[in-house]
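next comes the sequence, and after it the predicted model I'd like to discuss.
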Amino acid sequence: MDIYGTTISSRLMLGTARYPSDDVLADAIRASGTQVVTAALRRLPVVGGDGGRGFLAMLKDLNVRILPNTAGCTNAREAVTTAKMAREVFETNWIKLEVIGDAETLQPDLAGLVEAAQELVADGFDVLAYTTEDMVTAQRLAAAGCRVIMPWGAPIGSGRGLNNPFGLSLLRARFPDLTLIVDAGLGTPSHAAAAMELGYDGVLINTAIGKAGDPARMASAFARAVEAGRLGFEARPIPVRDYATASTPERGRAVLA
Amino acid sequence: MRVRINGNDIEVAASTLREVVEELGYDGAIIATAVNKSFVPRTQRNSVALHDGDAIEIIMPMRGG
């Protein structure tokens, strides 16, 4: 898939939060085959810690690209400032833009998202916009210059899968040239396969792997599901119909009744 | 002077943002800074004079989704 001119061969992106340990995270990243992982910015502890050096060194050793996020931001100004700080810390123009509008569902504030996206694109950022399946918002993001749009499958961390496959399908059909990634809410590998069968370019998974009983095994399962779903999409599935159509030919059947 | 750093009121001898970072021992860390909710690039920390009551944010890379 294409992320602002960079070809990424793995269609599975991983979040790095909620793992029981760094070792488990590293194992999951290896098992997933991912090339892009997300990261965040948080306050330095008053004392102690290594200032994030160990975390960055680990990701460098794993040879993955970092996609910083603006997680937790609740308005455009905060998200834009966080993005600028992320650009300096992570040395990348990529930003996973989140502007959260509802504390319980973590549903994006779509107006704030568009406002922040416009400002960040104008400032040279490559914006990967975390949004819903809302068509008009996607149009506005595309008009602002976003080339990667990431609608949710379901609320972050919910594991519900694709709440609105029809809406996601419409988005795919309307924006054939954008990179579309389902981000958030997936729980099982079959959810990821379903997203890929809709023609999505990729999926981004965090909680479903990080909180699984065996994260590395689950990462491997998601990797295979993403690949299977993509192959299924490319192979052009049969049309759905209401009634049966016999697979064994009727012709030549013996008369025995 | 007394400034607010990451939500904690702290007395510092420093008069610029760069000096605050050094005084707190963060000069070797991978960080980004903001003063009163505005981003201050690394290259400008030396030119930002601080005032009593300023709110400083010093943030670092962290695991995230």
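Yes, it's here. Numbering: from 1, shown residues only, chains lettered A, B, ... in the order given.

show me where pLDDT drops low in the chain?
Defaulting to chain A. Flagging of chain A using pLDDT under 70 yields the residue ranges A:46-49.

interface residues of it facing chain B?
Taking Cβ under 8 Å from any Cβ of the partner chain as the contact definition, chain A meets chain B at A:15-19, A:25, A:38-44, A:46, A:49-53, A:55-56, A:68-69, A:71, A:77-78, A:81, A:84-86, A:88-90, A:156-157, A:206-207. Heads up, the C-betas are built off the backbone N, CA and C, glycines and all.

in PyMOL, how would I select the buried members of these?
Buried residues among those (16 or more other Cβ atoms under 10 Å in any protein chain shown), as a PyMOL selection:
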select buried, chain A and resi 15+16+17+18+19+25+38+39+40+41+44+51+52+55+56+68+69+71+77+78+81+84+85+86+88+89+90+156+157+206+207
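
quick one: end-to-end length of stretch A:200-214, please.
Using Cα to Cα, to the nearest Å, one end of stretch A:200-214 lies 26 Å from the other.

hey, where'd the strands end up in chain B?
Using DSSP state E, the strands of chain B run over residues B:2-5, B:8-11, B:32-35, B:38-40, B:55-63.

return the residues of chain B in contact with chain A.
Going by Cβ under 8 Å from any Cβ, the residues of chain B near chain A are B:5-8, B:26, B:28-34, B:37-39, B:41-42, B:57-65.

whichever of those end up buried, select them in PyMOL.
For the buried members of these, the matching PyMOL selection, counting by 16+ other Cβ under 10 Å, is:
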select buried, chain B and resi 5+6+26+29+30+31+32+33+34+39+57+58+59+60+61+62+63+64+65
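
thinking again about what came up before, narrow the residues of chain A next to chain B to those in strands?
Counting by DSSP E, the part of those found in strands is A:Thr38, A:Ala39, A:Ala40, A:Leu41, A:Arg42, A:Arg43, A:Pro68.

among these, which pair sits farthest apart?
Greatest spatial distance among those (Cβ to Cβ): A:Thr38 and A:Arg43, at 18.4 Å.

and A:Asp23, what does it touch?
Applying Cβ atoms under 8 Å, 6 or more residues apart in numbering or on different chains to A:Asp23 gives no contacts.

does it lie in a helix or a strand, and which?
Assigned by DSSP states H and E, A:Asp23 belongs to helix A:22-32.

other residues contacting stretch B:47-61?
Contact with stretch B:47-61 is made by A:39-44, A:49, A:51-52, A:55-56, A:85, A:89-90, B:1-6, B:12, B:14-18, B:20-21, B:24, B:26, B:29-37, B:40, as judged by Cβ under 8 Å, 6+ apart.

bridged to the most centrally placed residue in chain A, which residues?
By Cα atoms, centre = their mean, chain A has its centre lying nearest to A:Leu204, at 2.6 Å. Using DSSP bridges, the beta-bridge partners of A:Leu204 come out as A:Met13, A:Asp183.

how many residues are close by A:Asp134?
As a burial measure, A:Asp134 scores 16 neighbours (other Cβ atoms under 10 Å in any protein chain shown).

next up, the contacts around the spatially closest residue to A:Gly202 that is not a sequence neighbour.
Once flanking residues are discounted, A:Gly202 sits nearest to A:Arg11: 3.9 Å by Cβ to Cβ, 6 or more residues apart in numbering or on different chains. Taking Cβ under 8 Å, 6+ apart, we find A:Arg11 in contact with A:Met1, A:Met196, A:Asp201, A:Gly202, A:Val203, A:Val226, A:Glu227, A:Arg230.

mind running it again at 6 Å?
For A:Arg11, the contacting residues are A:Met1, A:Gly202, A:Val226, A:Arg230, by Cβ atoms under 6 Å, 6 or more residues apart in numbering or on different chains.

so which of those residues sit within helices?
Among those, DSSP state H puts A:Val226, A:Arg230 in helices.

could you dump the contacts of A:Arg11 to CSV with distance to A:Gly112?
Shown next, in CSV, are those (distance: Cβ to Cβ, whole Å):
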residue, distance to A:Gly112
A:Met1, 26
A:Gly202, 25
A:Val226, 30
A:Arg230, 32
